[in-house]
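Trainee: Provided below for reference: sequence and predicted model.
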Amino acid sequence: MRKRILVTGGAGFIGSHLVERLLGEGHEVLCVDNFFTGNKENIAHLLDNHFFEMIRHDIVFPLFVEVDEIYNLASPASPIHYQYNPIKTIKTNVMGSINMLGLAKRVRAKILQASTSEIYGDPEIHPQPESYRGNVNTLGPRACYDEGKRAAETLFMDYHRQAGVRIKLIRIFNTYGPRMHPNDGRVVSNFIVQALQNKPITIFGDGTQTRSFQYIDDLIEGMLTMMDTEDSFIGPVNIGNPEEYKIIELAQKIIDMTGSRSKLEFRPLPEDDPRKRKPDITLAREKLGWEPKIQLEQGLRKTIEYFDKLLQKNGHLP
Ligand code: NAD
Ligand code: UDP
Ligand code: UDP
């Protein structure tokens, strides 16, 4: 059955892949984005599709449309971007969520929230199961994002309990792939762009902190599967790849794969940078029958190819 689906943040990295997939499945997609970090290039190839509509809109302000499902992705996502205007970041996550929940309530739409592993903060439990309540510094530079996303989860639960809104909460762990911003400071894009240009690879701290990297296609599959579960399963559910790497290992892998002459350059570790992160995906396996399928090297190859083309097209990066 063709559905009308709203994707907020649809011109961003994850959003554009989601929109593409939903259109591919024959749905009608409405993309809402204020283009803070999103890019028209990400969705330009979809504009000819009659079932695709794009609205420039900021979700901090109310939005009145008629839809069956909402994927709420609008929020800056990388530390550089969410710390650029922290007040706006928390407003987007709190006021934006209230508006999208108000919309879901009015039109009786099902709504999925793109929450994040950041709600676990610098975790004392490893790997992180959904039952872990987290270790977030309310006062630090990451709080605008972490606490904004935590408050959003609370709002989703309250709209569910109080107003009967059908909600779905997923906690996304570090995701990478084509259409990441070349200069949003995230580790995979940074290292690939640096390696391709034979520039120093910037390691923050000593590089022993860990992350677990999920390829975009695996995430999209998990999101769609979660949206389609029965209404009684609301999550939260971790969606991520449990294969864990030290940041310095990631650097070495990317240097090897690109045949780069880059050297490692050590820089200070940013404040509140989590020491380790790895999802426990038992619940996703059990409830969604989902698990990531794409190995790091396989995903990195596609991502390197994307950035290589981007570099060749522009001679430099935008
Ligand atoms: P992105 O920056 O590429 O996409 C976010 C999009 O939201 C952009 O297009 C931006 O312009 C838009 N946006 C921001 N504020 C808005 C507002 N007030 N109104 C309307 N649009 C607005 O980032 P992404 O990596 O695609 O992340 C998408 C979502 O997934 C975010 O909510 C992020 O918190 C979440 N997430 C991402 C990751 C990851 O590893 N990429 C991990 C966990 C959670
Ligand atoms: N809202 C919206 N679109 C809608 C319905 C509501 O943007 O289709 C906004 C509404 O303007 C309000 C928020 O969502 O700011 C929360 O709506 P709710 O009905 O929960 O609260 P109320 O309007 O009673 O304050
Ligand atoms: N990082 C790094 N060099 C960079 C960018 C990031 O060493 O050029 C580190 C960063 O300090 C963190 C990890 O890589 O420990 C992941 O950073 P990212 O910003 O991608 O994601 P997040 O910290 O939000 O998980």
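Mentor: Cool, the structure landed. Quick caveat, the model's predicted, so the values are computed rather than measured. Ligands and ions are numbered 1, 2, ... in the order given.
Trainee: Can you give me every residue that contacts residue 54?
Mentor: Residues near residue 54 by C-beta atoms under 8 Å, 6 or more residues apart in numbering: 10-11, 30-31, 33, 43, 47. Where you see a C-beta, it was placed from the backbone N, CA and C, and this is true even at glycine.
Trainee: Select from those every entry located in strands.
Mentor: 30-31, 33 (DSSP state E).
Trainee: Of the contacts of residue 54, select the buried ones using a ChimeraX command.
Mentor: One line in ChimeraX is enough to select the buried ones among the contacts of residue 54; burial here means 16 or more other C-beta atoms under 10 Å:
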select :10,11,30,31,33,43
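Trainee: Output the contacts of residue 54 as a markdown table; include the columns pLDDT and distance to ligand 3.
Mentor: A markdown table is the format used below for the contacts of residue 54 (pLDDT from 0 to 100; distance: C-beta to the nearest ligand atom, whole Å):
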| residue | pLDDT | distance to ligand 3 |
| --- | --- | --- |
| 10 | 98 | 21 |
| 11 | 98 | 20 |
| 30 | 98 | 29 |
| 31 | 98 | 24 |
| 33 | 98 | 21 |
| 43 | 97 | 23 |
| 47 | 95 | 30 |
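Trainee: From the contacts of residue 54, pick the one nearest ligand 2.
Mentor: Nearest to ligand 2, judged by C-beta to the nearest ligand atom, of those is residue 30 at 13.0 Å.
Trainee: Could you measure from that closest one over to residue 50?
Mentor: 13 Å (C-beta to C-beta, to the nearest Å).
Trainee: what helix or strand is the nearest residue to residue 176 once chain neighbours are set aside on?
Mentor: Of all residues beyond its chain neighbours, the one nearest residue 176 is residue 188 (3.9 Å), with distances taken as C-beta to C-beta, 6 or more residues apart in numbering. Counting by DSSP states H and E, the element that carries residue 188 is helix 187-196.
Trainee: Would the following helix or strand past that helix count as contacting ligand 3?
Mentor: For helix 187-196, the succeeding helix or strand toward the C-terminus, using DSSP H and E, is strand 201-204. Yes: counting by C-beta under 6 Å from any ligand atom, ligand 3 is contacted by strand 201-204 at 202-204.
Trainee: As TSV, the residues you listed with neighbour count would be great.
Mentor: Converted to TSV, the residues of strand 201-204 next to ligand 3 look like this (neighbours: other C-beta atoms under 10 Å):
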residue	neighbour count
202	16
203	21
204	15
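Trainee: quick one on the thing from earlier: which among the ones in strands among the contacts of residue 54 gets closest to residue 166?
Mentor: residue 30 (18.3 Å; C-beta to C-beta).
Trainee: can you pull out the helices in the stretch 151-300 of the chain?
Mentor: 187-196, 216-227, 247-258, 282-288, 296-314 (DSSP state H, counting those that start in this stretch).
Trainee: which residues touch residue 278?
Mentor: Taking C-beta under 8 Å, 6+ apart as the test, what residue 278 contacts is 126-128, 173, 210, 212, 240, 242, 244.
Trainee: What about those, which one has the most neighbours?
Mentor: For those, neighbours were counted using other C-beta atoms under 10 Å, and residue 240 has the most, 29 neighbours in all.
Trainee: so how far is residue 276 from the closest residue to it other than its chain neighbours?
Mentor: Among residues not flanking residue 240 along the chain, residue 173 sits closest, at 2.6 Å (C-beta to C-beta, 6+ apart). Remark: distance between residue 173 and residue 276 (C-beta to C-beta) = 12 Å.
Trainee: could you measure residue 235 against residue 114, distance?
Mentor: For residue 235, the distance to residue 114 - C-beta to C-beta - is 11 Å.
Trainee: Touching both of these two, which residues are there?
Mentor: residue 170.
Trainee: quick revisit: wait, which of the ones in strands among the contacts of residue 54 is closest to residue 82?
Mentor: residue 33 (15.9 Å).
Trainee: What are the phi and psi values at the closest residue to the closest one other than its chain neighbours?
Mentor: Excluding its sequence neighbours, the residue lying closest to residue 33 (C-beta to C-beta, 6+ apart) is residue 11, at 3.9 Å. Backbone torsions of residue 11, given as degrees, to the nearest 10, read phi -100, psi 10.
Trainee: Residue 11 contacts residue 39, correct?
Mentor: Yes: judged on C-beta atoms under 8 Å, residue 11 makes contact with residue 39 at a distance of 6.1 Å.
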